[in-house]
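S.K.: starting from these lines, generate the structure:
(chains A and B)
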Amino acid sequence: MRFAGSLAIIMATVISSPVIAQGKIDPATIAVPDVSLPKDRAAADDLIANGWKYHFFHKDRVSFETARADVAFCHGYLPKVQLLALPGYSSFQGVARKTKSSGNQSIGLVGAAIADVIGGAINDMLDRRDRVSRMRRCMETRGYTRYPMAKKLWESFDGRDPTRDVAILAKLASGPRPDLPVPAK
Amino acid sequence: MMLRHFLWLVVVLLSVAAPAVAGDRVRIFVTLPAGQPITIRPDRAYILFRTRRGAGEPSARPVLMRVVPAGTTEQSRAPNVQNVDGKPSATGEGGDFYLVEVPPGDYVLYGITNNNYMTVCNCLGTVGFSAPAGRIVDVGTYLADQASGKSKVPELAAESGFGASIYGSNLFLVATLVPVRPDSPIMPGVDPTGIVTADFRVIGTYPNNGSFYINRLAPIPGVLAYGPDGQVIDVKRGVEVPAFE
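M.R.: Reported below is the predicted structural model:
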């Protein structure tokens, strides 16, 4: 069947794990930040109240290596990509890991300039929601559960050092189940 | 939230106004208009799907991708992704019919949108099918809805209702297909002998190319399922489908 043939060719390019999770890491070498409930009542209340905005993921009985592959896979969806105007061109391979290009051929240079400005504003404003929605959908479908994390700590996983981000979040994900409430919303 | 909607409106209006700036954006998939005789061209394929009246979000349409045939150079980059747009080709008792004229090839339910940008990709699992030349391929009933709130569409309920942490946009959508059944209504004006039922293939996870949101097609009994660790499962073939990278 022709469809099966073309799929087979595409699948031949499959890479087993993302670059940011390649190579072995001894989890004992990774220092994880304190994610326990603060002793200060107000700080604890604030942490819990904002857990729906700022959180990390955990799964029972998952190995560090599996968690690392999962976190790395899901972080692969976080880079900003230019919105695909329709009709447009796409393929299955590698597109999310390309950096955002300037200009949008399908709506012309003037339109592209305006769209870039607006798109940039939306992206900047919606950083948290974008990240939360993509990470939730990706990690929760892999069986992970959210737990509240302090805003400043959450913001430190900003993608500037993806290897560090993935390693720490994978260690948290595969460590003891946090003694924290799951966000209600 | 209002600002977000406003900015999106500007983006959408910009896309509508774009031809004046950038020339015509040729539609590559054309929904055949209602009330006209249906002519099946031998050099075109036809994708037929239904909607269920009163179910979900009618403005949420499938974004189809024609799989680029092997050996095609990336440089060509001819458009191969488009939303199904336009008015229904026919209306029946239970809902509407859309008959979409497309180049023959292999197609994937690539994403969902309610405007002229791909707002949601089905990056975490979806299905594809072949659309042969000169034939109508019947993909069944397309169901789509908002995903932030709990959907009242039974097939989408378990894959929606993500609440406040995702809410803030009417662009986060979820969809699925209900394959053709023997009692599925036939589109008026179509020769049933020219219709083939879609033979779905399951498509594994793939990178996001230009969507705000990532999602997956809701499970299709007997066709598409998901494992507890996110595995995308081809039910008919009993295999886990690998990811595209």
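S.K.: all the helices of chain A, residue numbers only.
M.R.: Taking DSSP state H to define them, one finds helices in chain A at A:2-11, A:41-49, A:64-75, A:108-125, A:127-140, A:151-156, A:162-174.
S.K.: so what's the nearest residue to A:Trp154 once chain neighbours are set aside up against?
M.R.: Of all residues not flanking A:Trp154 in the chain, A:Tyr54 sits nearest, at 3.9 Å (Cβ to Cβ, 6 or more residues apart in numbering or on different chains). C-beta here means a position set from N, CA and C on the backbone, and glycine is covered the same way. A:Tyr54 makes contacts with A:128, A:148-151, A:153-155, as judged by Cβ atoms under 8 Å, 6 or more residues apart in numbering or on different chains.
S.K.: tell me the pLDDT at residue 171?
M.R.: In the absence of a named chain, this looks at chain A. In this model, A:Lys171 is scored at 97, pLDDT.
S.K.: I was after chain B.
M.R.: What the model reports as pLDDT for B:Leu171 is 84.
S.K.: who are the contact partners of the residue nearest to B:Leu124 when sequence neighbours are not counted?
M.R.: Leaving aside its sequence neighbours, B:Leu124 sits nearest to B:Arg216 (Cβ to Cβ, 6+ apart; 3.6 Å). By Cβ under 8 Å, 6+ apart, the contact set of B:Arg216 is A:137, A:141, B:122-126, B:159, B:226, B:232.
S.K.: mind doing that once more with 10 Å?
M.R.: A:137-138, A:141, B:120-126, B:159, B:174-176, B:205, B:224, B:226, B:230, B:232 (Cβ atoms under 10 Å, 6 or more residues apart in numbering or on different chains).
S.K.: what are the phi and psi values for it?
M.R.: Torsion angles at B:Arg216 (phi, psi; degrees, to the nearest 10) stand at phi -140, psi 150.
S.K.: same check on B:Tyr117?
M.R.: The phi/psi pair for B:Tyr117 (degrees, to the nearest 10) is phi -120, psi 150.
S.K.: what's the burial count for the residue nearest to it when sequence neighbours are not counted?
M.R.: In this structure, B:Tyr117 finds its nearest non-sequential neighbour in A:Leu83, 4.7 Å apart by Cβ to Cβ, 6+ apart. Counted by other Cβ atoms under 10 Å in any protein chain shown, the residues lying close to A:Leu83 total 24.
S.K.: how about B:Pro192?
M.R.: 9.
S.K.: quick one, what contacts the closest residue to it other than its chain neighbours?
M.R.: Spatially, and ignoring its direct neighbours in sequence, B:Pro192 is nearest to B:Ile186 (5.5 Å; Cβ to Cβ, 6+ apart). Contacts for B:Ile186 (Cβ under 10 Å, 6+ apart) come out as B:48, B:92, B:97, B:138, B:180, B:192, B:195.
S.K.: do B:Glu93 as well
M.R.: Contact partners of B:Glu93, counting by Cβ under 10 Å, 6+ apart, are B:53, B:185.
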